[in-house]
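Chemist: Sequence below, structure please.
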Amino acid sequence: MSGTSDLVDALNAGTTAVREGHRFDENALREWMRAHVPEAEGEVTVRQFKGGQSNPTFRLDTRDRSFVLRRKPPGVTIPGAHAVDREARVIGALGKAGFPVPQVYGLCTDDAVIGSWFYIMECVEGRVFWNSRFESVPRDERRAYLDAMNGTLAQLHGFDPASLGLADFGKTGNYFERQISRWSRQYLADEVAGRDPHMDRLIEWLPANIPAGDESRIVHGDFRADNMVFHSTEPRVAAVLDWELSTLGHPLADFVNHLMMYRLPPTILSGLRGTDVDTFGLMSEDDYVAAYCRRTGRDGIGDLDFYRAFSLFRLAAIYHGIKARALRGTAASAHAEALAAHYPLLAELGWNEATGA
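Modeler: Numbers count the residues shown, from 1 in each chain. I've put the predicted structure just below:
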């Protein structure tokens, strides 16, 4: 498994020169920053982060400090996707409430500057772990890192959206119906990446098996180890990143999507499937669920088969979109084709959860 981890680190960690398909007018960016980000002084050096599949992300180094730029990708995009303005809004609101996110310095909604909307935020220094095994920290500390993720997500789900000025950040009610419909439409509408029989079955099964009851909280949508920065020496989350999929939604959908790290193989988002959690000093899946329930006042989670099937269906739909962008040549990450190859397996795993296979 360490070989898989090393490969993932090599593919995702650090920065590279701005890739050909994502270049933009750096002089125009510098002029915009001089006018809108007074904290940036001197020349700006631009490098592209290797990781990330949807919104291209760049490191901006100035004389005294560094920033991060997130922009909509170039080319044709799906309506409603890549909403960097929504990302900037939720990060700003959560930061004011004391949740660990970067500071947002500016949002640009003028395509004329660099070709698409973008925002500038703080570059939070610390450690990024590209898998949930936390292999680079001592074995007896790894459980604390997992628990830090658990506690941070529980904190997010404890906020009242209205108290943060985010009551209109998404629709309320019927979350699963709306999400299943959204991802089904995107999957069916994009013929470039092809169809999959397991996805087609899930599109029929999921709407008919939605659990009773509904809740509405701020959900991250892609909460996992590599979408956060940890403190440089402590098992503490310094900043949660990548809020593109955030909205108002059911907190259990968000939690179980995160929990899928235990069900995914190491080749997909560096999952823990097949990992001996005791040997690695990690929390078991049952202990992880219990910790979240304790923090959020829940007496367990029923209908886990549905939530898992939904999470895998949604992830398969996202990978379907990555495959389509790779085929069109507009994917944000250089290794998009390799990731997109996992889309059929995700669909199959989702159907297996639905059927109890």
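
Chemist: drop to CA atoms for contacts and neighbour counts, all remaining ones
Modeler: Fine.

Chemist: how about the helices in the chain?
Modeler: Under the criterion DSSP state H, the chain contains helices at 2-12, 26-36, 84-96, 111-114, 139-157, 175-189, 197-205, 251-259, 277-280, 285-296, 304-328, 336-340, 343-355.

Chemist: Which one of these has the poorest average confidence?
Modeler: Across the helices of the chain, helix 2-12 has the smallest mean pLDDT, namely a mean of 43.

Chemist: Name the stretch among the helices of the chain that sits most buried.
Modeler: helix 304-328 (a mean of 23; mean count of other C-alpha atoms under 10 Å).

Chemist: List the contacts of the residue nearest the centre of the chain.
Modeler: With distances taken as C-alpha atoms, centre = their mean, the residue of the chain nearest its centroid is residue 222 (3.0 Å). Remark: with contacts taken as C-alpha atoms under 8 Å, 6 or more residues apart in numbering, residue 222 is in contact with 242, 243, 245, 254, 257, 258.

Chemist: ok, it to residue 313 distance?
Modeler: Applying C-alpha to C-alpha, to the nearest Å, the value for residue 222 to residue 313 is 14 Å.

Chemist: returning to that earlier point: would CSV of the helices of the chain with distance to residue 211 be doable?
Modeler: As requested, the helices of the chain are arranged in CSV below (distance: least, C-alpha to C-alpha, whole Å):
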stretch, distance to residue 211
helix 2-12, 36
helix 26-36, 47
helix 84-96, 28
helix 111-114, 42
helix 139-157, 19
helix 175-189, 9
helix 197-205, 12
helix 251-259, 11
helix 277-280, 30
helix 285-296, 18
helix 304-328, 8
helix 336-340, 30
helix 343-355, 13
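
Chemist: between those helices, which one is nearest to residue 131?
Modeler: Residue 131 lies closest to helix 2-12 among the helices of the chain, at 7.0 Å (C-alpha to C-alpha).

Chemist: so which of the helices of the chain gets nearest residue 122?
Modeler: helix 84-96 (11.0 Å).

Chemist: name the helices or strands packed onto the closest one?
Modeler: strand 104-108, strand 118-122 (3 or more C-alpha pairs under 8 Å, 6 or more residues apart in numbering; DSSP states H and E).

Chemist: hey, which of these is tucked in deepest?
Modeler: strand 118-122 (a mean of 22).

Chemist: what residues does it touch?
Modeler: Contacts of strand 118-122 (C-alpha under 8 Å, 6+ apart): 66-72, 84-85, 88, 102-109.

Chemist: can you rerun that using 7 Å?
Modeler: The contact list for strand 118-122 (C-alpha atoms under 7 Å, 6 or more residues apart in numbering) reads 67-72, 84, 88, 102-109.
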